[in-house]
Structure formats: C-alpha cells, structure tokens
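>>> Quick check, what structure comes out for this input:
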Amino acid sequence: MATMAEHLRGGGEMGQRGTMTGQMQQKQPMMTSALKAISAAVAGGSMLVLSGLTLASTVIALTIATPLLVIFSPVLVPAAIAIGLLGAGFVTSGSLGVAALSVFSWMYKYLTGKHPPGADQLDQAKARLASKARDIKESAQHRLDQVQAY
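All right, here's what the predicted structure looks like:
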C-alpha cells in the first residue's frame with residue numbers, strides 16, 4: 001500500500017494510474033477535433049449533394065416549362081406587365097398617402113404651437129420673405145413717387 005507522501009509525489013501505484021489518466025486526457029482533445037472534422041465533412045458533403053440535386057431539378061423544370069412559356073407568352077407577357085404596373089401604382093399610392101399624412105400631422109403640430117422639427121427654419125424663411133416683400137414695396141413706392149414728380 002502506498003503512503004500519503006508517495007501519493008503526493010506522484011510515485012507508487014497511484015502515481016502510475018495518474019499518469020495513465022493524464023495520457024488519456026491528452027488524447028481526448030485530439031479525438032474531439034477528429035470527430036468535429038468528420039462531422040463537418042459529412043455535413044458539407046450532404047449539403048453539396050443537396051445543392052447538386054437542386055440544380056438538376058431546376059434544369060429539368062426549366063426544360064419542361066420553357067415550351068409552355070413560349071406558347072403562352074403572348075398572354076403572359078402583357079399580364080406580367082399589367083401586374084407590374086398595378087403593383088407599382090399601389091406602392092406609389094401608398095407612399096404618397098403616407099407622405100400626405102405626415103405633412104398634415106406636421107402642419108397640425110405647427111398650427112397648434114407644438115413646435116415640430118423644422119419650424120424654426122420655416123419661421124426664418126417667412127421672416128426673410130416678408131422682409132424682401134417690404135423692400136420691394138418700398139422700392140416700387142419710391143420709383144412711383146419719382147415718376148409722379150416728373
């Protein structure tokens with residue numbers, strides 16, 4: 001039987017068992033990485049097979065559908081154009097409706113005094129426009145006075 005001191009030093013029967021356990025623990029990461037590589041190869045291979053099957057079925061379906069598309073193209077092409085225009089009209093209508101609602105919302109906030117974003121710029125533009133209008137009025141009045149003086 002091994003003493004406690006031999007056990008702590010790593011000697012005796014228990015030390016040899018500890019060394020065996022350490023060797024097994026070193027082999028486990030290698031085994032884990034090998035299993036990971038094998039499972040990755042299997043997953044990648046199956047994805048590659050599925051990709052090939054999808055490509056083959058797409059080519060077969062296109063081969064079968066092409067004559068039908070050629071036969072019905074005088075009907076399908078104008079229908080596709082009409083559906084595209086109809087969809088574009090609905091999208092445009094909806095976009096313009098949302099824009100109008102947001103403008104009405106902004107105007108309501110501005111008129112009720114809630115100071116929406118951009119209200120300062122609008123007030124500055126209004127003041128500049130009023131100032132220019134006043135300058136033009138004064139200039140016109142001055143010229144009218146000059147003409148009447150002659």
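>>> rest of the way, CA atoms for contacts and neighbours
Fine.
>>> so what does the lengthiest helix in the chain touch, helix or strand wise?
Ranked by residue count, the top helix of the chain under DSSP state H comes out as helix 12-111. Judged by 3 or more C-alpha pairs under 8 Å, 6 or more residues apart in numbering; DSSP states H and E, helix 12-111 is in contact with helix 4-9.
>>> mind running it again at 10 Å?
helix 4-9, helix 119-149 (3 or more C-alpha pairs under 10 Å, 6 or more residues apart in numbering; DSSP states H and E).
>>> how far out from the middle of the chain is the last one?
For helix 119-149, the separation from the chain centroid amounts to 50 Å (computed by C-alpha atoms, centre = their mean, to the nearest Å).
>>> buried set for it?
By neighbour count with 16 or more other C-alpha atoms under 10 Å, helix 119-149 contains the buried residues Ala119.
>>> just to revisit the earlier point, compare the mean pLDDT across the helices and strands packed on helix 12-111 and name the weakest.
Note on the helices and strands packed on helix 12-111: lowest mean pLDDT is at helix 4-9, with a mean of 48.
>>> mind checking which helix or strand of this protein has the lowest mean pLDDT?
Ranking every helix and strand in the chain by mean pLDDT, DSSP states H and E puts helix 4-9 at the bottom, with a mean of 48.
>>> Now distance to Ser95 too, for the helices and strands packed on helix 12-111, in TSV please.
TSV is the format used below for the helices and strands packed on helix 12-111 (distance: least, C-alpha to C-alpha, whole Å):
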stretch	distance to Ser95
helix 4-9	80
helix 119-149	24
